[in-house]
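# Provided below for reference: sequence and predicted model.
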Amino acid sequence: MTILNKETLYYLSSPSWAGEPYKEVRGDMFVWPYYEEKTELYYCYEFANGNVFDVFPLDTLLSAEQIEQIRNGTATLVLSNSHEGFHYIVQNLYDSVVLRHNIPPQHIELISESADIASHITTVANKLGLPEMKSRWMRRFEHDIQHNRKIMNDTVTLESKKYTKKFLCFNRRWRGNRTVLVALLYALDLIKHGYVSLAKADDNRNWRSVVGRNRYLMETSAEATALFDNIENDLLTNLPEFYLDKDDLTINQAMLDDSTNYLYNETYFSVVTETFMFMRERPEEYGRFLSEKTFKPVSMKHPFIIASTPHFLAKFKELGYKSFSPWINEDYDLEHDDALRMMKIVKEIERLVNLNETELEEFLIAMREICEHNYNLLMSKNDFFTDL
């Protein structure tokens, strides 16, 4: 056993809107077996948010002798930001661990769900004139959806038939890309063609509270501004909340459930609103984060359009998956202006919704092969970490 703090392998959380600080022993068997098999020595912690080592300083978790082991390179400090892809944590870790406790950054390994965490480490390290931390890209959601899908009922998608609706779009928390997208779909009268959710969640937002933010996020698009003008009264007074399989959206639905099978069966593509998209809203989090939202349609053999950060599909394909071009126009993935990228996404949804019978059949035939490949790859994967 090479994890030296096996009995105090804490999950650490600092104060946030979600609750009070806490630490608890979890010993996550997805994250840590890799390190237990090594001959090197490790001290390991999982953490939820970036300032956690201000609340729980390293010298309250480890003795002076143990910290010295990390300083001199006898042991490595491994920090896992499990389930998250936040970039702002990098500066926090340099401040609260590297600088405060004089830990060489190269003796720290950061595990993150962000595929781009290494580039942000480079940015912060260069700014501070310090070496870079090591990093690993973890895809826990890919792993969890794989295992989740194995215990579900079989279902059939992409059938040649008349569809009740054309697309499926799940939304819970009122992130900028979700409120903008749903508002634009409403403005273009496309909502009626989709199964769409967006209703009161644990962030306590509503349509009135996001009107200004939507305009700010899309202000570089004159077309979006005009569409928002057309529906402003509805946004402020009576735009409805949208529910699908659940009427309580305060609870995170990170796993698949058989209750949603019909939503995939009765639509021929998904619109996935990933965790991050608008750089203007949260620039410190600007990275490619492949959450369960991406792998759910993969596991259901459902093609998708992704409302996320630029070059998201390029990273998706690096993992061996296929995207859906040319049957879905994926030029949006190359667009760096967030507002223009969103408009390209909305226009492509509109085009797909209006496919005629012949075009739809061609689409379905092409998608079956791609989705079968992606499904088989997901279900056969056994490595969910990449050293960066």
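Looks like it arrived, so ask away.
# so which bits of the longest helix along the chain are buried?
The single longest helix within the chain, with elements called by DSSP state H, is helix 357-380. Buried residues in helix 357-380, counted by 16 or more other CB atoms under 10 Å: Leu360, Phe363, Leu364, Ala366, Met367, Arg368, Ile370, Cys371, Asn374, Tyr375, Leu378. In short, each C-beta sits where N, CA and C put it, glycine included.
# do stretch 152-164 as well
Thr157, Leu158.
# where's the residue most central in space within the chain relative to Met379, distance?
With distances taken as CA atoms, centre = their mean, Ser291 lies nearest the centre of the chain, 3.6 Å away. Plainly put, Ser291 is 18 Å away from Met379 if you go by CB to CB, to the nearest Å.
# could you do Met367 as well?
18 Å.
# mind telling me what element the nearest residue to Asp331 once chain neighbours are set aside is part of?
Computed as CB to CB, 6 or more residues apart in numbering, the closest residue to Asp331 that is not its neighbour in sequence is Lys344, at 6.3 Å. Using DSSP states H and E, Lys344 sits in helix 338-353.
# using CSV, write down the CA coordinates of that helix.
Taking Å, rounded to 0.1, in the frame of the first residue of the first chain, the C-alpha atoms of helix 338-353 are listed here in CSV:
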residue,chain,number,x,y,z
ASP,A,338,-19.6,32.3,-27.6
ALA,A,339,-22.7,34.2,-28.9
LEU,A,340,-22.0,33.4,-32.5
ARG,A,341,-21.4,29.7,-31.6
MET,A,342,-24.8,29.7,-29.8
MET,A,343,-26.5,31.1,-32.9
LYS,A,344,-24.9,28.5,-35.1
ILE,A,345,-26.2,25.8,-32.7
VAL,A,346,-29.7,27.2,-32.7
LYS,A,347,-29.7,27.5,-36.5
GLU,A,348,-28.5,23.8,-36.8
ILE,A,349,-31.3,22.7,-34.5
GLU,A,350,-33.8,24.6,-36.7
ARG,A,351,-32.4,22.9,-39.8
LEU,A,352,-32.6,19.4,-38.3
VAL,A,353,-36.1,19.9,-37.0
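# what residues sit buried inside it?
338-346, 348-349, 352-353.
# of those residues, just say which sits nearest to Ala226.
Met343 (11.3 Å; CB to CB).
# gap between the residue nearest to that closest one when sequence neighbours are not counted and Glu335?
Closest residue to Met343 apart from its sequence neighbours, by CB to CB, 6+ apart: Ser221 at 5.3 Å. Computed as CB to CB, the Ser221 to Glu335 distance reads 11 Å.
# okay, the two: which has more neighbours?
Ser221 (21 against 16; other CB atoms under 10 Å).
# got the contact list for the more buried one?
Ala339, Leu340, Met342, Met343 (CB atoms under 8 Å, 6 or more residues apart in numbering).
# let's see that with 10 Å instead.
Val180, Leu184, Leu227, Phe228, Asp337, Asp338, Ala339, Leu340, Arg341, Met342, Met343, Val346 (CB atoms under 10 Å, 6 or more residues apart in numbering).
# any weak-confidence spans in this protein?
Counting by pLDDT under 70, the ranges of the chain that qualify are 1, 16-18.
# where along it do the strands fall?
Ranges of strands in the chain, per DSSP state E, are 10-13, 22-25, 41-47, 75-80, 108-112, 134-138, 167-169, 194-196, 269-273, 304-307, 385-387.
# sheet-wise, list the partners of the last one with their directions.
Strand 385-387 has these partner strands in its sheet, going by DSSP bridges: strand 134-138 (antiparallel).
# and the partner strand, which residues are buried?
Neighbour-count burial for strand 134-138 [16+ other CB under 10 Å]: Lys134, Ser135, Arg136, Trp137, Met138.
# quick one: the helices in the stretch 101-250 of the chain?
117-128, 140-150, 176-187, 207-217, 222-237 (DSSP state H, counting those that start in this stretch).
# adding mean neighbour count and distance to Glu37, write those helices out as JSON lines.
Shown next, in JSON lines, are the helices of the stretch 101-250 of the chain (neighbours: other CB atoms under 10 Å; distance: least, CB to CB, whole Å):
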{"stretch": "helix 117-128", "mean neighbour count": "18", "distance to Glu37": "23"}
{"stretch": "helix 140-150", "mean neighbour count": "18", "distance to Glu37": "17"}
{"stretch": "helix 176-187", "mean neighbour count": "24", "distance to Glu37": "39"}
{"stretch": "helix 207-217", "mean neighbour count": "17", "distance to Glu37": "45"}
{"stretch": "helix 222-237", "mean neighbour count": "14", "distance to Glu37": "51"}
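# with that, I have no additional questions.
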